[in-house]
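> just coords:
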């Protein structure tokens, strides 16, 4: 038994070595991952490999900081747990650069009509589902540019769409399930413009696997000339953001600004929302559109445009012009009052509803609709409600939200009736929106709430504020 203490000590030493060995292996694995990630996505030269395992190496610390800043992480310059977690996430295989950046040299298509061809299919989805999602993904970009697309079934298209696994002939092999989901090439001849999808992924139409529509819309952004964005809400952000619903596949303003920097805005529609008129200069004493203190009375979309109402005037913002037009309200709709309280568009009815006090009007383009104004209580509001502060129409749900003081009501546009169970507290269902609202509208699937000179971008699926901006940020100030 004299040997027992020695045996016990040996056991303790041997057993305690296992966690140390595992920790060392984990650290080695993380350093290998870091090296691979920085080389693939942050232009780390092969000559820098020798410095990767030196934690205090200046160039490596700078590269880690660059990565952390780009991906929206806390910038520590250290390989912390949050950074390791992000490096393990699924993503696009195209390298990262800053802001809504285009490829070096800003390559773009020299024509506005492009062809695409779906070369082969995944077994994960029906063929018609892939066809439909590709068409939808291209439509997302088509709506904000002069670009149009048509499909061909044989020969060489501008954009060739392929499913492949591992090595597939372009010297950028896929890596199996997870990590790199797809990659695409900038505009140009040959392989340029093409989009490749890793068929080792589980492609789906929902969030149960990798949503094909979401990834296709991102990759086709590369095919049109966009690089990656640092904006975590942008479609061109490099990491795969799990879908919270079909409405999640949409462009942010950052994406729109990026693609329009290459191709410009879409052409004017023959069905113009309102007749064009000579813009009026701001009246003396009126706040300039870039004044940081500017606030709005009401905001509404109108057939793809955005109308910002203030006193007797409104700014007319389109994606075809950088500078908004400025007009008197009466020059388009003589019967509408000034200083309106709220406005919203019901796209399915091609109508905009304007509220002031206890009355509301309806307009369609330049025309004021007969039978108005009507009393707001005909919509189902109780007598205690005397005015509306703001309103938003949710196109996906076909519901309108009315905001009054610290409460809100919801109106079913299909049934033309106020829903039971309301009012509810704004702060409970719209976390982060705790100020009295001046105006609101919906764009790209986000709700935009305005209070004084501040604007809150709200994601209705995630139920959180994603950005706080100046109210006049839409004016490119």
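Arrived safely. Computed from a predicted model, the values in this text were never measured in an experiment.
> list the buried ones in stretch 126-138?
129-130, 133-134, 137-138 (16 or more other C-beta atoms under 10 Å). The C-beta positions use only the backbone N, C-alpha and C, and glycine is treated the same way.
> output the contacting helices and strands for the host helix or strand of residue 307.
Using DSSP states H and E, residue 307 sits in strand 305-310. Counting contacts by 3 or more C-beta pairs under 8 Å, 6 or more residues apart in numbering; DSSP states H and E, strand 305-310 packs against strand 298-302, strand 313-317, strand 439-443.
> re the thing from before, now the buried residues of stretch 126-138 in TSV, with distance to residue 218 and secondary structure?
Output for these, formatted as TSV (distance: C-beta to C-beta, whole Å; DSSP: H, G, I helix; E, B strand; the rest coil):
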residue	distance to residue 218	secondary structure
129	18	helix
130	16	helix
133	12	helix
134	13	helix
137	8	helix
138	12	helix
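> okay, those in a markdown table with pLDDT and distance to residue 91 next?
As requested, the buried residues of stretch 126-138 are exported to a markdown table (pLDDT from 0 to 100; distance: C-beta to C-beta, whole Å):
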| residue | pLDDT | distance to residue 91 |
| --- | --- | --- |
| 129 | 92 | 23 |
| 130 | 95 | 21 |
| 133 | 93 | 19 |
| 134 | 95 | 21 |
| 137 | 94 | 18 |
| 138 | 95 | 22 |
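> residues contacting residue 424?
Counting by C-beta atoms under 8 Å, 6 or more residues apart in numbering, residue 424 touches 407-408.
> bridged to it, which residues?
On the basis of DSSP bridges, residue 424 is bridged to residue 408.
> can you pull the pLDDT of it?
Note for residue 424: predicted pLDDT of 94.
> how close does it sit to residue 439?
20 Å (C-beta to C-beta, to the nearest Å).
> likewise residue 464?
20 Å.
> those two - which one has more neighbours?
residue 439 (29 against 12; other C-beta atoms under 10 Å).
> what pairs with the more buried one across the strands?
Going by DSSP bridges, residue 439 forms beta bridges with residue 450.
> now do residue 345
Here residue 345 sits in beta bridges with residue 352, going by DSSP bridges.
> tell me the pLDDT at it?
At residue 345, pLDDT is 93.
> ok, it - how many residues close by?
26.
> pretty sure it contacts residue 395?
No: using C-beta atoms under 8 Å, residue 345 is not in contact with residue 395, being 9.2 Å away.
> which SS class is residue 68?
helix (DSSP: H, G, I helix; E, B strand; the rest coil).
> what pLDDT is listed against the closest residue to it other than its chain neighbours?
When the adjacent residues along the chain are set aside, residue 68 lies closest to residue 75, with 4.7 Å between them (C-beta to C-beta, 6 or more residues apart in numbering). pLDDT recorded at residue 75 is 84.
> same thing with residue 164?
On pLDDT, residue 164 comes in at 92.
> residues near it, how many?
Look at residue 164: counted by other C-beta under 10 Å, it has 18 neighbours.
> residues in contact with the closest residue to it other than its chain neighbours?
Distances taken as C-beta to C-beta, 6+ apart put residue 196 closest to residue 164, at 5.6 Å, once the chain neighbours are dropped. Contact analysis of residue 196 by C-beta under 8 Å, 6+ apart lists 162-164, 168, 170, 174, 182-184.
> ok, back up a step: of the buried residues of stretch 126-138, just say which sits nearest to residue 207.
Proximity of those to residue 207 (C-beta to C-beta) peaks at residue 133, which lies at 14.1 Å.
> where exactly do the strands run in the stretch 201-350 of the chain?
Using DSSP state E, counting those that start in this stretch, the strands found in the stretch 201-350 of the chain span residues 203-204, 210-211, 298-302, 305-310, 313-317, 325-328, 342-346.
> tell me the SS of residue 421?
coil.
> how close does it sit to residue 474?
The value you get for residue 421 to residue 474, if C-beta to C-beta is used, is 33 Å.
> for residue 363, same thing?
21 Å.
> again with residue 437
Going from residue 437 to residue 474 by C-beta to C-beta gives 17 Å.
> more neighbours, these two?
With neighbours defined as other C-beta under 10 Å, residue 437 and residue 474 compare such that residue 437 has more, 24 against 20.
> excluding chain neighbours, what is closest to residue 426?
residue 408 (5.2 Å).
> show me the contacts for the one you found.
401-402, 422-424, 426, 429-430.
> show me what contacts residue 73?
Going by C-beta under 8 Å, 6+ apart, residue 73 touches 67, 82-83, 86.
> hmm, which two among the residues you listed are most spread apart?
Across the contacts of residue 73, the two lying at the largest distance from each other (C-beta to C-beta) are 67 and 82, at 11.5 Å.
> ok, these two, which is more surrounded?
Ranked by neighbour count (other C-beta under 10 Å), residue 67 and residue 82 place residue 67 first, with 22 against 13.
> now do the same contact list for the closest residue to that one other than its chain neighbours.
With C-beta to C-beta, 6+ apart as the criterion, residue 67 has its nearest non-adjacent residue at 5.5 Å, and that residue is residue 42. Residue 42 is in contact with 63, 66-67, 70, 95-96, counting by C-beta under 8 Å, 6+ apart.
> and of those, the nearest to residue 324?
residue 70 (31.8 Å).
> helix, strand or coil for residue 136?
Quick answer, by three-state DSSP: residue 136 is helix.
> isn't it up against residue 214?
No: the pair residue 136 and residue 214 fails to qualify as a contact (C-beta under 8 Å) at a distance of 10.4 Å.
> quick check: neighbours shared by the two?
residue 249.
> related to what we said a few turns ago, need the buried ones from the contacts of residue 408 selected in ChimeraX.
Buried members of those, defined by 16+ other C-beta under 10 Å, are picked up in ChimeraX with:
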select :401,402,423,426,430
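> closest one of the contacts of residue 408 to residue 317?
residue 401 (21.9 Å).
> what about the closest one, distance to residue 380?
The value you get for residue 401 to residue 380, if C-beta to C-beta is used, is 14 Å.
> overlap in contacts, those two.
409, 411.
> am I right that residue 34 is in a helix?
Yes: assignment of residue 34 by three-state DSSP places it within a helix.
> and the nearest residue to it once chain neighbours are set aside, what does it touch?
Nearest residue to residue 34, sequence neighbours excluded (C-beta to C-beta, 6+ apart): residue 79, at 5.8 Å. Going by C-beta under 8 Å, 6+ apart, residue 79 touches 30-31, 34, 55, 64.
> I'm done for today, thanks for sticking with me.
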